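Student: Sequence first, then the predicted structure:
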Amino acid sequence: MLIKLEHGRMNPDEEMDERGFDGPLLGPFKEVRPIYLNTIRVTFTSGEVRHLPMFDDMVVFDNRYYGKYAVVDPNPREAIKTLPPKEGQLSLLDINPA
């Protein structure tokens, strides 16, 4: 799995009228675990463990602040194919066919 950082800003006190800049895609990880909403513990596929600090409600990476993060699969289309939707629900493949 990967972490996608979004809604970036250079200063945590910056007023945000827009969504900010996109951040990097981090990983690959075998585990991502938020800890008390003040750090995100990540375990790389190699087994190495690191912590991504948080300030207020933002992830801090490379001296930049990100108001949103998402844990994503490196190959989402394949992941979707392995999880069929429940009866009566659309899958993302129905919305965005290959």
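Tutor: Arrived safely. Numbering: from 1, shown residues only.
Student: Tell me where this protein is predicted with low confidence.
Tutor: Along the chain, the model assigns pLDDT under 70 to residues 76-98.
Student: Asp56 is in contact with Tyr66, correct?
Tutor: No: counting by C-beta atoms under 8 Å, Tyr66 sits too far from Asp56 to count as a contact (11.4 Å). Where you see a C-beta, it was placed from the backbone N, CA and C, and this is true even at glycine.
Student: These two: who's more crowded?
Tutor: Between Tyr66 and Asp56, counted using other C-beta atoms under 10 Å, Tyr66 has the larger neighbour count: 24 against 11.
Student: what about the residue lying closest to Tyr65 once chain neighbours are set aside, how many residues close to it?
Tutor: Computed as C-beta to C-beta, 6 or more residues apart in numbering, the closest residue to Tyr65 that is not its neighbour in sequence is Met58, at 4.2 Å. Met58: 19 surrounding residues under other C-beta under 10 Å.
Student: switch to numbering from 57
Tutor: Sure, I'll start numbering at 57, so the last one becomes Met114.
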